[in-house]
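> structure here, sequence nowhere to be found:
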């Protein structure tokens, strides 16, 4: 295998804090740099039977997967008690989903989340599920808690669409954030007071898109049944793991290393430039539950 | 929407049929401009904006028991930009439609005159592939004229260059998409600059040739200064440097065109490429 040579193009990327191929920047740490003792937790749960048919999730299995993920993430076996760590009965809760036609968050995931929020004591009238209408939705306007749930997919302009990008609909003109391949998407989280309010990030990987074509950046051909769900309280960490899985699937499918195009640098810049969360794999504790075949990470 | 937009819609709509192999057009077309395109196309709308697109007409075709077909017809205003946006994604097989086409995974794209056409089916089958190709041929025949390619593309030497490896664009975000140079816009690319990138592959050699035409000679010189200062500071005078991967990068300005070779296998080869292109530029 040829040894990777670091060129000036790589240095220019690193100077701009833009790791390529996932985690390049972390391989050139300064000697003696301390690694934080406490790692950010991300849970990956997979179930072989998560899909009834192509792109059709099984609601009961999805509920179990989400319950396992949230219980493990919060270290609380009782799922209602676990959710009570996230929401209280007086909260107003917005579930920020993603309605993109070919690969939405899915009703199954949305309803599973809503059910547990209600189990934790939040009345139904204080819960809303919304995407493109969040700016006009009174529940979202007054939300004390946000649950951020969206599917993972490659994205023509930002490399990957994941949890970090999902709040873009809080912005009046989303295209204002398109500069430099959406490099500074993390600023939305600060500008719209999302950091503290977002208690849980769910990156749905039941049937992710790992490559896109054409204006709509979609073909069934590039969807694979991964049957997984990632959960974390850190939107950067959950996306960083998602990027690794998408890249691994691309490598497997194309038979060669084909980095995301463009690279999902907004994920890494959310850490290195904006301090929103953790993207360094060495600082993420990834807990894997369930089905292991084809796990890719 | 103003009267002109309505008229445009009628003109664009007239280029698409109402029916193809049993798929019938939905009653209402949708039309988008550079401000509204994100309501229809996710982040990829930036691609079309970067090529100065004017109007997009979307028509959906429906047939019972079959996946829908989505036809997107982009009026790019110039054949150069129609060609350019087509070169953004050249993966796939040549379908022999329009002035250049690709087909892959249920998506047929082609350009002709100042139009870029994308025909997409939600699920690929033998029937849908046949319908897409038939629709493509029909749309192509309804666009009567052919358009010219940007002449800067003709300055790329043809040896070891496949048509699939030529990209035409304006701004640095698209350059970085095809060949990463720098996050910063060190070449001062904008909507008024025209760039052609050729990716040359031969035995044991892969190099990139970038040509950028600026509106004025002064701006080309300014870009050369910026590039050499940031990218090859140790070779600002000579304009040629051996990079860390032992390949050669070389740059030169000829008239209002900046020429840069990335990744040449030797210094003499890099100089030879610069010389060839400079001669071509002298002749225009």
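On my side now, so go ahead. All values reported here derive from a predicted model rather than from experimental measurement.

> now the residue of the stretch 101-250 of chain A at minimum distance from chain B: which helix or strand?
Proximity of the stretch 101-250 of chain A to chain B (C-beta to the nearest C-beta) peaks at residue A:157, 3.2 Å away. Any C-beta I mention is one placed from the backbone N, CA and C, and that applies to glycine too. Using DSSP states H and E, residue A:157 sits within no helix or strand.

> now for it: which residues touch it?
Counting by C-beta atoms under 8 Å, 6 or more residues apart in numbering or on different chains, residue A:157 touches A:178, A:181-182, A:262, B:42-44, B:46-47.

> which parts of chain A sit against chain B?
Counting by C-beta under 8 Å from any C-beta of the partner chain, chain A comes close to chain B at A:5-9, A:12-13, A:16, A:18, A:20, A:100, A:102, A:155-158, A:161, A:174-175, A:178, A:180-183, A:213-222, A:261-262.

> top of the contacts of residue A:157 by neighbour count?
Ranked by the number of neighbours (other C-beta atoms under 10 Å in any protein chain shown), these place residue A:182 first, at 28 neighbours.

> so who does it touch?
Taking C-beta under 8 Å, 6+ apart, we find residue A:182 in contact with A:157-159, A:165, A:266, B:43.

> go on, residue A:105?
Residue A:105 touches A:97-99, A:131, A:149-151, A:204, counting by C-beta under 8 Å, 6+ apart.

> what about residue A:283, distance to chain B?
Distance, residue A:283 to chain B, by C-beta to the nearest C-beta, to the nearest Å: 24 Å.

> let me know the average pLDDT across stretch A:55-72.
Stretch A:55-72 carries an average pLDDT of 98.

> give me the residues contacting that stretch.
Stretch A:55-72 has contacts (C-beta under 8 Å, 6+ apart) with A:43, A:45-47, A:49-52, A:77-79, A:82-83, A:86, A:103, A:106, A:108-109, A:111-113, A:115-116, A:200, A:202, A:206-207, A:223, A:229-231, A:287, A:289-290.

> which strands or helices does the longest helix anywhere in chain A pack on?
For chain A, the longest helix by residue count, based on DSSP state H, is helix A:235-254. Counting contacts by 3 or more C-beta pairs under 8 Å, 6 or more residues apart in numbering or on different chains; DSSP states H and E, helix A:235-254 packs against strand A:40-46, strand A:145-155, strand A:159-161, strand A:198-209, strand A:228-232, helix A:265-272, strand A:284-290.

> in that helix, which residues are buried?
Buried residues in helix A:235-254, counting neighbours by 16 or more other C-beta atoms under 10 Å in any protein chain shown, are found at A:235-250.

> need the three-state assignment for residue 67.
Here I'm looking at chain A. helix (DSSP: H, G, I helix; E, B strand; the rest coil).

> right idea, wrong chain: chain B
coil.

> nearest spatial neighbour of residue B:234, chain-adjacent residues omitted?
Nearest residue to residue B:234 in three dimensions, chain neighbours excluded: residue B:241, at 6.2 Å (C-beta to C-beta, 6 or more residues apart in numbering or on different chains).

> now do residue A:41
That would be residue A:285: by C-beta to C-beta, 6+ apart, it lies 5.1 Å from residue A:41.

> so who does that neighbour touch?
A:39-42.
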